[in-house]
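Visitor: Structure for this input, please:
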Amino acid sequence: MKNALRFALVTLAASAFTFAATPPALSAESAVHSLRGVDPQVSDQAPEEKFNPGKRPGSQKPITRTFLQQPPVIPHATENFDEITLEENQCLTCHGPEKFKEKNAPKIGDSHFRNQQTGEIMKQVSSARYNCVQCHVPQVDAPPLVENTFQTVPQKAAKAKR
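Guide: Alright, predicted model coming up:
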């Protein structure tokens, strides 16, 4: 019995060694190719930057959201806006609770005033929601970069599933 087991193990090890030592036959289709092309030293070409000519704030209708809880996109130009800093957020000059009615702009959502850890409602915008462009992006009229078959979920159906 010991000899039979020893013979089986030796045969198994020999076949594994033979299999591992034999290189697989590569066809032209299965050969490995670089995604960068022939010369990997050439730097990648950045895609063309899309410029959003944008319109004046309030001059066009809000863009329809494509799924429930999607942050709305920014339907106006933002190129001339100041950078958002701890001291200043130019978005709040129109969308903040003090000015949105006067500016006829949508008010930032109530969720932006909720403390993420405790859930309490605050009087000022939560620091976790202060950087608007972290979630909200300017709308750009550009063709998709990749083929996309996404279809929007009707809002009534999406709300009914919750």
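Visitor: could you say what helices and strands the lengthiest helix in the chain packs with?
Guide: Residue-count comparison of every helix in the chain, with assignments taken from DSSP state H, identifies helix 2-21 as the longest. Using 3 or more Cβ pairs under 8 Å, 6 or more residues apart in numbering; DSSP states H and E as the contact definition, helix 2-21 packs against no other helix or strand. The way it works is simple: take the backbone N, C-alpha and C, and place the C-beta from them, glycine included.
Visitor: Would you mark the buried spots in that helix?
Guide: Counting neighbours by 16 or more other Cβ atoms under 10 Å, one finds that helix 2-21 has no buried residues.
Visitor: which residues sit in contact with the nearest residue to residue 139 once chain neighbours are set aside?
Guide: For residue 139, the nearest residue in space outside its immediate sequence neighbours is residue 73; the separation is 4.5 Å by Cβ to Cβ, 6 or more residues apart in numbering. For residue 73, the contacting residues are 63, 136-139, taking Cβ atoms under 8 Å, 6 or more residues apart in numbering as the criterion.
Visitor: Need the CA coordinates for stretch 116-128. PDB is fine.
Guide: Extracted in PDB, the C-alpha atoms of stretch 116-128 (Å, rounded to 0.1, in the frame of the first residue of the first chain):
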ATOM      1  CA  GLN A 116     -23.500  63.100   9.400                       C
ATOM      2  CA  GLN A 117     -22.500  61.500  12.700                       C
ATOM      3  CA  THR A 118     -25.400  62.500  15.000                       C
ATOM      4  CA  GLY A 119     -28.200  63.200  12.600                       C
ATOM      5  CA  GLU A 120     -29.000  66.500  14.200                       C
ATOM      6  CA  ILE A 121     -30.200  69.400  12.100                       C
ATOM      7  CA  MET A 122     -27.800  72.400  12.100                       C
ATOM      8  CA  LYS A 123     -28.300  76.000  11.300                       C
ATOM      9  CA  GLN A 124     -25.200  76.100   9.000                       C
ATOM     10  CA  VAL A 125     -24.300  73.800   6.100                       C
ATOM     11  CA  SER A 126     -22.600  70.600   7.300                       C
ATOM     12  CA  SER A 127     -18.800  70.600   6.700                       C
ATOM     13  CA  ALA A 128     -19.300  67.200   4.900                       C
END
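Visitor: Please list the residues outside it that contact it.
Guide: For stretch 116-128, contacts defined as Cβ under 8 Å, 6+ apart pick out 89, 92, 96, 108, 110, 112-115.
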